[in-house]
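Have a look; sequence and predicted model below, questions after that.
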2 protein chains.
Amino acid sequence: MSVGIRHDDLRRRNRAMVISAVRRASQPSRTEIAATTGLSHSTISTISSDLIAEGILAEAKGSEPVSMKRGRPQVALTLEPRAASIVAVVLSLNSLSAAIIDYAGNTIVEDTRRLVTQRMPAEALIDECIAMIRRLIEGVATSGGPVLRIAIAVQGITDSGSRKLLWSPITRHDDIPFADRLEQEFGVPVTVENDCNMIAEALRWRDPVRYRDDFIAILLSHGIGMGLVIKGELFTGTQSSGAEFGHMIHRPNGALCRCGRRGCIEAYAGNYAIWRNAKLGDENAEPLADLSDDDITALADAARDHDGPEREAFRKAGEAIGFGLGSMFALFDPAPLAFVGVGATAFDLMEPHVLSAIAKTAGGLHSKAISFDTEPNEVPLKREGAMMRALLHVDQEIFAARLGGATPASAGKNVA
Amino acid sequence: MSVGIRHDDLRRRNRAMVISAVRRASQPSRTEIAATTGLSHSTISTISSDLIAEGILAEAKGSEPVSMKRGRPQVALTLEPRAASIVAVVLSLNSLSAAIIDYAGNTIVEDTRRLVTQRMPAEALIDECIAMIRRLIEGVATSGGPVLRIAIAVQGITDSGSRKLLWSPITRHDDIPFADRLEQEFGVPVTVENDCNMIAEALRWRDPVRYRDDFIAILLSHGIGMGLVIKGELFTGTQSSGAEFGHMIHRPNGALCRCGRRGCIEAYAGNYAIWRNAKLGDENAEPLADLSDDDITALADAARDHDGPEREAFRKAGEAIGFGLGSMFALFDPAPLAFVGVGATAFDLMEPHVLSAIAKTAGGLHSKAISFDTEPNEVPLKREGAMMRALLHVDQEIFAARLGGATPASAGKNVA
DNA sequence: CTCTTTTTTTCGAGCCTCGAAAAAATAGTG
DNA sequence: CACTATTTTTTCGAGGCTCGAAAAAAAGAG
């Protein structure tokens, strides 16, 4: 059971609230923070002056004095960019990219490389990550705050502790201990998380009005991924990263899936499945290893142009997604949807079939709560998501907990 | 966003911890509470003497001095039965039952009636509840603490605020405002919740070792219901009680379901579906309104006795449940399962097919985490679940929040 | 009867948040 | 340009809460 609240937890939590309020709002004043947190002005004043003294927050000097009201003007608080930095890594099929990002969320430097991930040993994958991160860190050695966290977004299933890549389509190897190895190497906490979960995290920050407490991000690419936010929390499995929408069963004993099983949603709606249905008309054909985005847009163009196997393939994909969503909605009710990835460019071909399938399910009851949005480019979302995860960790676990003025890492600046 | 922690929240939360520790453990001493909550002995001492002074807890006098160690013996703390009482109501197809239960969880008085729920107007359902509760309360007017909460467990879907019965197989009417009407009538907070969720809550208290942070209770009866606990929390929909396992889609456009749609799991695994498959062999036949338990056990006996349509019907049921579980496990990983209700007596007929279906899904990966347990009698579980919900509310929301010595019920004592 | 051991209570110290009042900083006003 | 009204931020004392240490309480052991 959860443990009692000690006296020092209180400060820690309220510091976390203040930091979080500053990260969320754009340059809030102390008064605004008091309003959103419900804490008193005196408390906010104390905490924020501590945070400023510690070099975590700063007063925004040169900004617009937007108020134009009478009275003492509000002073906007910002995150101090040099308080820390983090590394966001995105590892996908045949591609690795990494960026160093400051505490305010500005990218300082980034790099991308093509790899042949499926032919590399597990160790080589780890080594490539380490090498890229090391190059980036060395390149910016002098500027910026200390790196306090590394977050990796990866295609595949990770453990619920975000330490290992349990299974991934980008490699034949299992249980790759990214977090342990990178922590050894850099002496900084590291997490590996599912890329679709990171996409969901990113959407929340991009459009907090639309994507608030409950929404679903579905990645339509070679496979089908999902990131799920329910009741304000990223939804993960109890043992793994979970939320494997693509491997819910659409038709028992149905089409052959890349995972080796049959009837998964992905086996109807993944790019390889659409291609297979359109070109081969054989649900049991071995899935292709990779397809270019152009292959898919070509299929979509053909489907838009004339009736035929292409159009039918997209219909089947939409149907599989719709029934799958209907089953999910039976569990937790409908929520706004974002379709991400190259498949989203063809979503117009699937949408009517998605909707008609949902209408045949329990989810159809509240179909007003369903809305679709599409975002073809998933890459920046993955990076933003990993970035936000890392920054939030620094906010909540590191900076909120620095009590008593003892600020070990950052060379003597605060303490006043 | 969540609000900052005020100074008085601290006491409230720690009082809640202490009460919860006493309810969970059997008669813990102050020392044990300090250990499980992580709070200091002095804090526990202060809080528990407050709670005793307020008449919420009591020292167990006549109990066994079980220790036999040296030193000052521990004094066991108990819940004071007369601190409060609650009403637990269970409303099912053609049956209404209610009980008054004291703060320690002992049933003081109970009653059950048969009703013809499907022919009653919505108002009549509410009125029957009110009448039964009123009779019970008047019967025990003098003894026991004041009624502080009423919890109703009902078949069907409720709203996420637990105020209304949105839809139910027991009546043709929708949106029945049980909570509002009963609150008006009794002046006490009331909740209506899905019965399967209450079953899950009850299992947690019956066997906290097996059913801890993650487990699934599936009710096999006329329809199929589910109560889901994930990461220690009862899982509900965002707008409704959710967790409608029975209406996940097993076969798109498949068998006719009681809900009017097609291919739901329930349309293969509900009692009416098994009966229909065994007797009529027609998936499209209109579902029967009701079946007796004997009808099902007769089918099960026949299926055990010889191969034939009965055995095949149970096979189809097991398959539907298995694929459904597999799809759920794709979302949040496998968890221990409890099959509850009359269908559980026939679970031996379904189990191999459930397992073989799961093995064909992503859930099959971690099949070691799956364990089955059966409990044929769901009625006491529903009542216990409703009881625990009500008691926990009193613990957490009412008694934990009685701060500042203002204890209306108990005459002035603490404050020192 | 005294000593040892364990539990529970008491007491002062140290934090934390809060409200009220003071200080700071600006726009309006004549 | 001095003064006033207004709004934000800081300061300060009060009140609460938890904690650790020490004291008190309540047994069994010898």
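In hand now; what should we look at?

Residue of the stretch 101-250 of chain A nearest DNA strand D, please.
residue A:104 (19.0 Å; Cβ to the nearest atom of the strand). Just so you know, the C-beta spots here come from the backbone N, C-alpha and C atoms, and that holds for glycine as well.

in the stretch 301-416 of chain A, which spans are strands?
Using DSSP state E, counting those that start in this stretch, the strands of the stretch 301-416 of chain A run over A:337-340, A:372-375.

make that chain A, sorry
A:57-59, A:77-79, A:85-92, A:95-102, A:107-114, A:147-154, A:157-158, A:165-167, A:190-194, A:215-220, A:224-230, A:233-234, A:337-340, A:372-375 (DSSP state E).

Of the ones you listed, give the one that comes closest to residue B:78.
Nearest to residue B:78, of all the strands of chain A, is strand A:233-234, at 35.6 Å by Cβ to Cβ.

so what does the closest one touch, helix or strand wise?
Helices and strands touching strand A:233-234, by 3 or more Cβ pairs under 8 Å, 6 or more residues apart in numbering or on different chains; DSSP states H and E, are helix A:195-206.

just to revisit the earlier point, want to throw the strands of the stretch 301-416 of chain A into TSV with mean pLDDT and distance to DNA strand C?
Shown next, in TSV, are the strands of the stretch 301-416 of chain A (pLDDT from 0 to 100; distance: least, Cβ to the nearest atom of the strand, whole Å):
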stretch	mean pLDDT	distance to DNA strand C
strand A:337-340	98	37
strand A:372-375	95	38
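
Residue A:373: what's it in contact with?
By Cβ atoms under 8 Å, 6 or more residues apart in numbering or on different chains, residue A:373 lies in contact with A:210, A:336, A:337, A:338, A:339.

how many neighbours does the residue of the stretch 101-250 of chain A closest to DNA strand D have?
17 (other Cβ atoms under 10 Å in any protein chain shown).

Which one of the contacts of residue A:373 is nearest to residue B:115?
Nearest to residue B:115 among these, with distances taken as Cβ to Cβ, is residue A:336, at 40.6 Å.

tell me the pLDDT at that closest one?
pLDDT recorded at residue A:336 is 95.

List the contacts of it.
Per Cβ under 8 Å, 6+ apart, neighbours of residue A:336: A:210, A:211, A:214, A:215, A:216, A:369, A:370, A:371, A:373.

Check residue A:222 too.
Contacts of residue A:222 (Cβ under 8 Å, 6+ apart): A:93, A:169, A:258, A:270, A:271, A:272, A:290, A:291.

Redo those as TSV? Include pLDDT, distance to residue A:61 and neighbour count.
Putting those into TSV (pLDDT from 0 to 100; distance: Cβ to Cβ, whole Å; neighbours: other Cβ atoms under 10 Å in any protein chain shown) gives the following:
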residue	pLDDT	distance to residue A:61	neighbour count
A:93	92	46	19
A:169	92	49	22
A:258	92	54	20
A:270	97	51	28
A:271	96	50	27
A:272	97	54	23
A:290	80	51	12
A:291	90	52	19
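
What is the nearest of those to DNA strand D?
residue A:169 (47.8 Å).

How about the top helix by length along chain A, which residues are buried there?
In chain A, taking DSSP state H as the definition, the longest helix is helix A:309-332. Residues of helix A:309-332 classed as buried under the neighbour-count rule (16 or more other Cβ atoms under 10 Å in any protein chain shown) are A:310-311, A:313-332.

any low-confidence regions in chain A?
Counting by pLDDT under 70, chain A has low-confidence residues at A:1-2, A:62-67, A:142, A:364-367, A:403-416.

50 instead, please
Along chain A, segments meeting pLDDT under 50 span A:405-416.

how about the residues of it near DNA strand C?
A:7-8, A:10-11, A:14, A:38-43, A:46-47, A:65, A:68-73, A:403 (Cβ under 7 Å from any atom of the strand).

Any of those buried? List them.
Among the residues of chain A next to DNA strand C, those classed as buried by 16+ other Cβ under 10 Å are A:10, A:11, A:14, A:39, A:43, A:47.

quick one, phi/psi of the nearest residue to the first one once chain neighbours are set aside?
Beyond its immediate neighbours in the sequence, the residue positioned closest to residue A:10 (Cβ to Cβ, 6 or more residues apart in numbering or on different chains) is residue B:5, lying 5.6 Å away. The main-chain torsion angles of residue B:5 are listed as degrees, to the nearest 10 and equal phi -90, psi 120.

who touches whatever residue of the stretch 251-400 of chain A ends up closest to DNA strand C in this structure?
Here the stretch 251-400 of chain A gets closest to DNA strand C at one residue, residue A:400, 11.0 Å apart by Cβ to the nearest atom of the strand. By Cβ under 8 Å, 6+ apart, the contact set of residue A:400 is A:12, A:13, A:15, A:16, A:19.

Go again with 10 Å.
For residue A:400, the contact set (Cβ atoms under 10 Å, 6 or more residues apart in numbering or on different chains) comprises A:11-20, A:47, A:51, A:56, A:394.

quick revisit: just say which of the strands of the stretch 301-416 of chain A is most tucked in.
Burial of the strands of the stretch 301-416 of chain A is given as mean neighbour count (mean count of other Cβ atoms under 10 Å in any protein chain shown); strand A:337-340 ranks first at a mean of 23.

and residue A:233, bridged to which residues?
Beta bridges link residue A:233 to residue A:230, judged by DSSP bridges.

what's the burial count for it?
Residue A:233 - counted by other Cβ under 10 Å - has 12 other residues nearby.

repeat for residue A:156
23.

Got phi/psi on it?
phi 130, psi -170.

Next: residue A:209.
Torsion angles, degrees, to the nearest 10, at residue A:209: phi -80, psi -50.

Burial check on it, number of neighbours?
5.

got it, and residue A:141?
Neighbour count for residue A:141, taken as other Cβ under 10 Å: 7.

mind checking how far it is from residue A:175?
Counting by Cβ to Cβ, to the nearest Å, the gap from residue A:141 to residue A:175 is 34 Å.

For residue A:158, name its beta-bridge partners.
residue A:165.

residues near it, how many?
Using other Cβ under 10 Å, residue A:158 has 29 other residues around it.

Could you double-check that it lies in contact with residue A:244?
No - judged on Cβ atoms under 10 Å, residue A:158 makes no contact with residue A:244 at a distance of 11.6 Å.

what sits in contact with each of these two?
Counting by Cβ under 10 Å, 6+ apart, the residues touching both residue A:158 and residue A:244 are A:167, A:194, A:237.

Enumerate every residue touching the nearest residue to the first one once chain neighbours are set aside.
With Cβ to Cβ, 6+ apart as the criterion, residue A:167 has its nearest non-adjacent residue at 4.7 Å, and that residue is residue A:157. When the contact criterion is Cβ under 10 Å, 6+ apart, the partners of residue A:157 are A:164-169, A:174, A:194, A:237, A:239-244, A:247, B:333, B:362, B:365.

Next: residue A:339.
Contacts of residue A:339 (Cβ under 10 Å, 6+ apart): A:216-220, A:321, A:345-347, A:350-351, A:354, A:372-376.
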